[in-house]
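Q: Need the 3D shape of this:
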Amino acid sequence: MSALNVAVLCGSLQQPSRTLVLCEALLARIGEFRTIVPQRVEIAQFGRRLGACYWRSELPEDILAQVVAVENADVLIAASPVHNATFSGLFKHFLDMTAMDSLAGKPTLLAATGGSALHGLVIDQQLRPLLAMKQALTLPIGVFATEADFVDHKLCSLALEKRIELAVRLALPFLPGAD
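A: Reported below is the predicted structural model:
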């Protein structure tokens, strides 16, 4: 079985980021089952410059390379913090820059972080439709984490670890090269 090219699209605008910590935990769990080549696309690293671009043709080369990395990945982990009851605007703007069919059929694990459990519906009510519009194959269970699941930007919740384990276990049959 060849290594999976797994792209993480982290929509957080801050560093350090609980959303990125969640993504890293998902990557690590997938890595327990498959050999992976991770690629991290962190909006916090280039968000201001991304926001200045209206069209893909205006993207600086380094940001375009990040878009292409997401498009060419075998698997995508798409994660955003919840701001004002939705995903971050620059996360959406980044996805707007992907070619329409580039995510078609791509197994995509959804994740989000928020201040309270009330924001947990963002995965199914907003992220799933957004990625479905891009024709991505959104995987059965997304993972939502609250601020209480972290201490000093480290996972501290057994319940969250169990949700990560379940999401990855249910995702495995959908990953390229699965038996």
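Q: for this structure, what spans make up the strands?
A: Taking DSSP state E as the test, the strands found in the chain are 4-10, 36-42, 75-81, 107-114, 137-138, 143-146, 150-151, 154-155.
Q: Could you export those strands as TSV, including mean neighbour count?
A: C-beta: built from backbone N, CA, C; applies to glycine. Shown next, in TSV, are the strands of the chain (neighbours: other CB atoms under 10 Å):
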stretch	mean neighbour count
strand 4-10	23
strand 36-42	18
strand 75-81	28
strand 107-114	25
strand 137-138	19
strand 143-146	23
strand 150-151	14
strand 154-155	14
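Q: could you dump the ones you listed to CSV with distance to Gln125?
A: Converted to CSV, these look like this (distance: least, CB to CB, whole Å):
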stretch, distance to Gln125
strand 4-10, 19
strand 36-42, 24
strand 75-81, 13
strand 107-114, 11
strand 137-138, 12
strand 143-146, 12
strand 150-151, 23
strand 154-155, 25
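Q: neighbours around the closest residue to Glu58 other than its chain neighbours, how many?
A: Among residues not flanking Glu58 along the chain, Ala52 sits closest, at 7.9 Å (CB to CB, 6 or more residues apart in numbering). Ala52 is flanked by 10 other residues according to other CB atoms under 10 Å.
Q: on that earlier part again, so which of the strands of the chain is nearest Ala65?
A: Among the strands of the chain, the nearest to Ala65 by CB to CB is strand 36-42 (9.5 Å).
Q: Direction included, what does the closest one pair up with?
A: Here strand 36-42 has these sheet partners by DSSP bridges: strand 4-10 (parallel).
Q: relative to strand 75-81, how tilted is the partner strand?
A: 10 degrees (axes from the mean of the first three to the mean of the last three CA atoms, to 10 degrees).
Q: low-scoring pLDDT stretches of the chain, where are they?
A: 179 (pLDDT under 70).
Q: Please enumerate the helices of it.
A: Applying DSSP state H to the chain gives helices spanning 18-31, 43-51, 61-72, 89-96, 122, 128-133, 158-171.
Q: Most tightly packed of the ones you listed?
A: Neighbour counts (mean count of other CB atoms under 10 Å) averaged over each of the helices of the chain peak at helix 122, with a mean of 23.
Q: ok, the residue most central in space within the chain to Met1 distance?
A: Centroid-nearest residue in the chain, with CA atoms, centre = their mean: Ala78, separated by 1.7 Å. Noted for Ala78: a distance of 24 Å to Met1, by CB to CB, to the nearest Å.
Q: next one: Phe33
A: When Phe33 is compared with Met1 (using CB to CB), they lie 10 Å apart.
Q: Which one of those two is surrounded by more residues?
A: Higher neighbour count among Phe33 and Met1: Phe33, with 14 against 10, using other CB under 10 Å.
Q: End to end on stretch 123-132, go ahead and measure it.
A: 12 Å (CA to CA, to the nearest Å).
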